[in-house]
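Enquirer: no sequence on this one, just coordinates:
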Ligand SMILES: [Cu+2]
């Protein structure tokens, strides 16, 4: 009986360990989301289309307080994302663009906002729900031509948001 109990206790320890591992990601700030298509600035870094620093390895991590209007979410080590002269590839699009978000952590979502030159051009509710692994939005740009779209994922479970800039030339 004593041995049996000891085996049962050690089994419980073995079973508990994987639960702890599973519980960790939701509490850490290592994985979140970004726009993969048209290729955002951080997606171009990750694809090595453009040579970048730390962002190369974690394009999903451009996280900052809500309400910012820059491409790097005020994260100093990602500041090159806000450099308009870094040679970002510009995607040719129509006036209506399908933006594809990729989430590595599916935070409950307040909404998604899109800006051009500080002007909000679209806002799409997240219904305070957890999104699927990818989400597509069709956004119509008010003007044609070369422009930088700032896409913001406002999550519902913290005060933060995630930022992605996409360079497009809309015809
Ligand atoms: Cu996250």
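Expert: Okay, I see it. As the structure is a computational prediction, the values presented were derived from the model and not from experiment. Numbers count the residues shown, from 1 in each chain.
Enquirer: Which residue ranges of the chain form strands?
Expert: Using DSSP state E, the strands of the chain run over 33-37, 63-65, 91-93, 96-103, 109-116, 119-129, 134-140, 145-155, 160-170.
Enquirer: What count of nearby residues applies to the residue of the chain found nearest the ion?
Expert: Closest approach between the chain and the ion, counting by CB to the ion: residue 32, at 3.4 Å. Quick note: C-beta positions are derived from backbone N, CA and C, even for glycine. Residue 32 has 22 neighbours, counted by other CB atoms under 10 Å.
Enquirer: same question, residue 86
Expert: Other residues near residue 86 come to 14 when the count uses other CB under 10 Å.
Enquirer: That one and residue 50 touch, don't they?
Expert: Yes. Between residue 86 and residue 50 a contact is recorded at 6.3 Å, counting by CB atoms under 8 Å.
Enquirer: How about the residues of this protein by the ion?
Expert: Residues of the chain lying near the ion by CB under 5 Å from the ion: 32, 105.
Enquirer: Could you list the low-confidence segments of the chain?
Expert: By pLDDT under 70, the weakly predicted segments of the chain are 1-31.
Enquirer: hmm, try it at 50
Expert: The chain contains residues with pLDDT under 50 at 1-29.
Enquirer: circling back to that earlier point, can you pull the residues that touch both of residue 86 and residue 50?
Expert: The contact sets of residue 86 and residue 50 overlap at residue 41 (CB atoms under 8 Å, 6 or more residues apart in numbering).
Enquirer: And the strands of the chain: which comes nearest residue 82?
Expert: Taking CB to CB, strand 160-170 is the member of the strands of the chain nearest to residue 82, at 7.7 Å.
Enquirer: re earlier: and the strands of the chain as TSV, adding distance to residue 78?
Expert: Shown next, in TSV, are these (distance: least, CB to CB, whole Å):
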stretch	distance to residue 78
strand 33-37	11
strand 63-65	9
strand 91-93	21
strand 96-103	17
strand 109-116	18
strand 119-129	23
strand 134-140	22
strand 145-155	14
strand 160-170	9
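Enquirer: Of these, which is nearest residue 81?
Expert: strand 160-170 (6.4 Å).
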